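**Q** this is a predicted model, with the sequence first.
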Amino acid sequence: MAENDFVRTVPEHVRQLASRGELADHAAAAHGDARRSLRASVFEIAQPVVFRSLTRKLELNRGHYRCATAVQQLDDPCLDRFHDDMEAVVDDVLRNARIPITSLEGWIRRRLVPATVDGYRRRRSERGALQRPRVPRWLATELGGDPVLLALAVDILDFVGTDSVPSAGIWPVDHWAESRVTRGAPPSTARRAVEREIALVLSAMRRRPRWYEDYVERPLGRKRPPSVPVPRFAPEEGIEPAFRQEEPDARLERAVVAVAAIEGRIARGEPPEAVVADVVSAVFDDEPWSADPAAVDRILAALVAS
């Protein structure tokens, strides 16, 4: 195939290449604008699959209900994670689509977890962080086998290999303290306890300066500063990213997310009235009716009837 054919790549052409088992070979032979065009077309196909089959579930688990409604609703940290997952999935398609594929979307969906986990580990490795954070035996000894300190050490080793950047300070103290409060720690002392224990863990880690520099200090220094997220495929490369476009039925998407969030929390034993009020106000915060107690009552009645 001529180079100009690559430049004119469109999603339908990508599907044809995949159906013949030729997509990965064509990707390996493409360069420059041709490869960027090919990546853009795969991105367009994969974006709704990644968001609906992976990102939405992750955001619901985090309690980020607005982020779970549509790509354009993702806040900065969540959009960064979505960027990373999209890049991993596009790389996986262009590297591994070597067999005839009838449904490229279905093939992508089946490979979402291994593709994104591989991408996550690769990014950690590039930063110099441990791919699978775990406490070495010598550090466990230094920490006296204390389960709280050991868990915090794993959190630290995990955090240095991520893109997450706290709004203040070096470590996500508030996040870690909030996690402890949800597990029963006193809110008045949780933050001070986390700060004190971070100091203890870091002091123990520094007993081996080379190890500390390799697996804590260096990857921590490679974190990206917070910034306004930009698309991986810029407009000058010939694509308007799919995540800049409005989804066709945003209200229906939000309703799907709200129902999933409400059902999940009620199943975990939370009081239905509080759950419905919380989720509705988060997902439909721009709708005047979301603050109406009568609307909450109607939703509760519908849930009971179903």
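**A** Yep, it's here.

**Q** and R222, what are its phi and psi?
**A** The phi/psi pair for R222 (degrees, to the nearest 10) reads phi -100, psi 10.

**Q** which residues touch it?
**A** By C-beta atoms under 8 Å, 6 or more residues apart in numbering, the residues touching R222 are R127, G128. (Glycine included, C-beta is placed from N, CA and C.)

**Q** after the helix or strand bottoming out on mean pLDDT in the chain, next one along is what?
**A** For the chain, counting by mean pLDDT, DSSP states H and E, helix 3-7 ranks last in confidence among helices and strands (a mean of 44). Counting by DSSP states H and E, the element after helix 3-7 in chain order, helix or strand, is helix 11-19.

**Q** please identify the buried residues of the helix or strand following that next one?
**A** Going down the chain from helix 11-19, the next helix or strand is helix 23-29, by DSSP H and E. Using 16 or more other C-beta atoms under 10 Å as the test for burial, helix 23-29 gives L23, A24, H26, A27.

**Q** can you classify R66 by secondary structure?
**A** Classification of R66 using DSSP: H, G, I helix; E, B strand; the rest coil returns coil.

**Q** contacting residues around it?
**A** Q73, D75, A282, V283, D285 are the contacts of R66 under C-beta under 8 Å, 6+ apart.

**Q** need the worst-confidence member of these.
**A** Note: of the contacts of R66, the lowest pLDDT belongs to D285, at 76.

**Q** spatially nearest residue to that residue (excluding sequence neighbours)?
**A** Excluding its sequence neighbours, the residue lying closest to D285 (C-beta to C-beta, 6 or more residues apart in numbering) is R66, at 7.2 Å.

**Q** check Y120 and give its pLDDT.
**A** If you check Y120, the pLDDT there is 83.

**Q** that one and G269, how far apart?
**A** 31 Å (C-beta to C-beta, to the nearest Å).

**Q** which stretches of the stretch 51-200 of the chain have low pLDDT?
**A** 167 (pLDDT under 70).

**Q** quick one: which of the contacts of R66 has the most company?
**A** V283 (24 neighbours; other C-beta atoms under 10 Å).

**Q** that one is in contact with A70, isn't it?
**A** No - contact criterion C-beta atoms under 8 Å: V283 and A70 do not qualify, at 10.8 Å.

**Q** now do the shared contacts for those two.
**A** R254.

**Q** need phi/psi at G145.
**A** phi 70, psi 10.

**Q** V135 versus that one, what's the distance?
**A** 10 Å.

**Q** between those two, which one's more packed in?
**A** Shown here are G145 and V135; by other C-beta under 10 Å, V135 has more neighbours (22 against 10).

**Q** OK, contacts around that one?
**A** L143, L150, A153, V154, L157.

**Q** for the first one, grab phi and psi.
**A** In terms of degrees, to the nearest 10, the main-chain angles of L143 are phi -90, psi 10.

**Q** excluding its backbone neighbours, what's nearest it?
**A** Spatially, and ignoring its direct neighbours in sequence, L143 is nearest to L149 (4.3 Å; C-beta to C-beta, 6+ apart).

**Q** buried residues in the helix or strand that contains A177, which are they?
**A** When elements are assigned from DSSP H and E, A177 belongs to helix 173-182. The neighbour-count check on helix 173-182 (16+ other C-beta under 10 Å) flags V173, W176, A177, R180 as buried.

**Q** cool, and stretch 46-64?
**A** 46-47, 49-52, 54-56, 58-60, 64.

**Q** just the C-alphas of that stretch, formatted as PDB.
**A** Output of stretch 46-64 as PDB, limited to C-alpha atoms (Å, rounded to 0.1, in the frame of the first residue of the first chain):
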ATOM      1  CA  ALA A  46     -11.400   2.800  21.000                       C
ATOM      2  CA  GLN A  47     -12.500   5.900  22.900                       C
ATOM      3  CA  PRO A  48     -16.100   5.000  23.600                       C
ATOM      4  CA  VAL A  49     -15.200   1.400  24.400                       C
ATOM      5  CA  VAL A  50     -12.500   2.500  26.900                       C
ATOM      6  CA  PHE A  51     -14.800   5.000  28.600                       C
ATOM      7  CA  ARG A  52     -17.900   2.900  28.900                       C
ATOM      8  CA  SER A  53     -16.200  -0.400  29.700                       C
ATOM      9  CA  LEU A  54     -13.400   0.700  31.900                       C
ATOM     10  CA  THR A  55     -13.300   4.400  32.800                       C
ATOM     11  CA  ARG A  56     -16.900   4.600  33.900                       C
ATOM     12  CA  LYS A  57     -16.600   1.700  36.300                       C
ATOM     13  CA  LEU A  58     -13.400   3.100  37.800                       C
ATOM     14  CA  GLU A  59     -14.900   6.500  38.300                       C
ATOM     15  CA  LEU A  60     -18.000   5.000  39.900                       C
ATOM     16  CA  ASN A  61     -15.800   3.000  42.300                       C
ATOM     17  CA  ARG A  62     -14.100   6.300  43.200                       C
ATOM     18  CA  GLY A  63     -17.400   8.000  43.800                       C
ATOM     19  CA  HIS A  64     -16.700  10.400  40.900                       C
END
